[in-house]
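Novice: Show me how the following folds:
(one chain, ligands or ions: 1)
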Amino acid sequence: MPNVIVNYDGTITSTPRVIVAPETVEQIQSVLRNPAHYPSPVRAMGSNHSLTPCAASQGTIIDISRMKRFSIDTSNPAGATLTAQAGLEIVEASQELRKQGLQLMTNVEIGNLTLGSAACCQTKDGLDGIEFGQVGSYVTRIKWVTPAGDLAEASAAESPDLLRMVRGSYGLAGVVYEVTLRVKPIETLHFTYLPRPVDELTQEEVDQLYTSAEGMVCWTIGRTSVFQVRHRVDHPGVLSSIQAAARKRLWNYADAHYAHIIDQFVANKGLRDAVEGGFMDAEKLLFSGLRLFGGITVLAPDKIIDYRQTKQQDRYAFTFWAFPRARWLPVLREYLDFADAHFKATGFRPNMPLGAYRILRDTNSILSYSHDGDIFSLDPIHSIVDAPEWKQFLVEFNEFAFQRGGTPLLNQSPWIERRHLEAAYGQRWTELSEWVRTMDPYGRMLTPFFADLLSPKLTPAQDK
Ligand SMILES: Cc1cc2nc3c(=O)[nH]c(=O)nc-3n(C[C@H](O)[C@H](O)[C@H](O)COP(=O)(O)OP(=O)(O)OC[C@H]3O[C@@H](n4cnc5c(N)ncnc54)[C@H](O)[C@@H]3O)c2cc1C
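Specialist: Numbers count the residues shown, from 1 in each chain. The predicted structure follows:
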């Protein structure tokens, strides 16, 4: 029986010749040193929630899920830190930190993100982004096993330049086994909701919201944008846990579930359009209600959602492209026209609200997508994830975003191509590609996915 691994949203199937789940660093070293038993390319796999084949391999997959040991250090006057093995998921890390009144600096929504992936891949969070919206920017030390099986380490104190490269390395320089990151006392957050017709929005208004908010995401439903803005408060209030639970249910179940039911059972396109319109109206009503009641209050770690139990039919997928914040509003308007035209031509449109994340300038990783300035993203989201129509939409959306100077992510923007990365990351993409070649001259970690994307195109390894 061949090994078959399917990712969270069901769109990516990997058939590695070998799957190995090490429990110690020495075991990872022996895997990398033995191509005869563990054929190339070797890929570390976290919880396999990426939306691209970045964790897939036809050779060897190192399943990191048995490595979850951790320690919390509160003795350092410069701030508390969490040191954990790479397989610990942030939802697990957050539960342990909570016992000591602590939280992660960036509580990304995806609770199943492993710390190994968080340290060396791209992440995003708009609501904790007071300083940085990328988890890796708070990682102060990374330890990994090189493609040759040796131990290596980079830290903010001793080797910041190397750390900057490893933060964007996607496992191409080896397998991360331990990560240290800054943590802080738990904060209470209050979110307010401001619905605005897209056609009435002005750049000044978006700028004002952008600069005055501590954190912000925007949900666009039809032609109404709802700005969810973060404010810090001192006390959570009695309703916060109920409000957090309701928010989790919405993301983990309700939204995708209803969108899915509408798509599956309302076959007539005209009727489906009307029903979807009704669903979107209900969502708008929900946001208006939230506005009326003054918003919701939650503890920051409650933003983290555990997607492990989500049923297949309730799952959703998305894409993410970042745009310089000054260009976001015109691009949003063009996107709405693009999505309408696509719907007229094909009968397909994403059935969930369009997301947008505000992320401030951040140069901590070579692959930071806000390296050159603040960004606001466009994230089409869809609940039936295996539909060929969704793929076609994604490919056309990539071209739309590429033409408008957008920046894609390697783990969250499906169907990206080398030309997209070369245009978006420019010299940094060449620099990363060259560095990868020096770190892994024989291509032990190089899958066809990465070989095609790196610039110039590289040839995957041939084991001797
Ligand atoms: C429903 C849903 C919601 C999401 N929400 C968010 C969100 O709010 N914010 C966000 O940023 N992302 C989000 N994502 C995207 C996803 O979380 C990221 O793509 C993330 O990288 C997945 O982490 P993982 O542990 O599953 O990594 P995997 O998908 O398993 O791996 C990602 C990459 O990291 C490499 N890797 C993994 N572990 C190691 C290691 N130990 N050493 C070296 N390389 C390693 C893999 O080879 C691969 O290239 C979401 C995804 C889904 C499906």
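Novice: if I look at the spatially most central residue of the chain, how far off is the ligand?
Specialist: Among the residues of the chain, the one closest to the centroid is residue 123, at 4.2 Å (CA atoms, centre = their mean). From residue 123 over to the ligand the distance is 3 Å, taken as CB to the nearest ligand atom, to the nearest Å. C-beta here means a position set from N, CA and C on the backbone, and glycine is covered the same way.
Novice: Let me see the backbone angles for that residue.
Specialist: When read as degrees, to the nearest 10, the backbone of residue 123 gives phi -130, psi 170.
Novice: Show the model's pLDDT score for it.
Specialist: At residue 123, the predicted lDDT confidence score is 98.
Novice: Isn't it up against residue 115?
Specialist: No: using CB atoms under 8 Å, residue 123 makes no contact with residue 115, being 11.0 Å away.
Novice: wouldn't residue 15 be in contact with residue 2 here?
Specialist: Yes: in this structure residue 15 lies within contact range of residue 2 using CB under 8 Å: 5.2 Å.
Novice: Settle it for me: which of these two has more neighbours?
Specialist: residue 15 (12 against 6; other CB atoms under 10 Å).
Novice: Am I right that residue 180 is in a strand?
Specialist: Yes: membership of residue 180 in a strand is supported by DSSP: H, G, I helix; E, B strand; the rest coil.
Novice: Can you check which residues contact both of residue 15 and residue 2?
Specialist: Contact criterion CB atoms under 8 Å, 6 or more residues apart in numbering; residues shared by residue 15 and residue 2: none found.
Novice: Which residues of the stretch 51-200 of the chain lie near the ligand?
Specialist: Residues of the stretch 51-200 of the chain lying close to the ligand by CB under 6 Å from any ligand atom are 54-55, 64, 86, 108-110, 112-114, 116-117, 120-121, 123-125, 170-171, 175-176.
Novice: Just the ones of those residues in strands?
Specialist: The strands in this structure, assigned by DSSP state E, contain 175, 176 from these.
Novice: mind listing the strands for the stretch 251-400 of the chain?
Specialist: Counting by DSSP state E, counting those that start in this stretch, the stretch 251-400 of the chain has strands at residues 296-299, 317-318, 321-324, 354-359, 375-378, 381-382.
Novice: Comparing those strands by mean pLDDT, which bottoms out?
Specialist: strand 296-299 (a mean of 87).
Novice: Each with direction, which strands does it pair with?
Specialist: Strand 296-299 sits in its sheet next to strand 188-197 (antiparallel), going by DSSP bridges.
Novice: in whichever helix or strand comes after the partner strand, what's buried?
Specialist: Moving toward the C-terminus from strand 188-197, the first helix or strand encountered (DSSP states H and E) is helix 203-212. Buried residues in helix 203-212, counting neighbours by 16 or more other CB atoms under 10 Å, are found at 206, 209, 210.
Novice: Can you lay out these as CSV showing distance to residue 146?
Specialist: Formatted as CSV, the buried residues of helix 203-212 follow (distance: CB to CB, whole Å):
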residue, distance to residue 146
206, 45
209, 45
210, 41
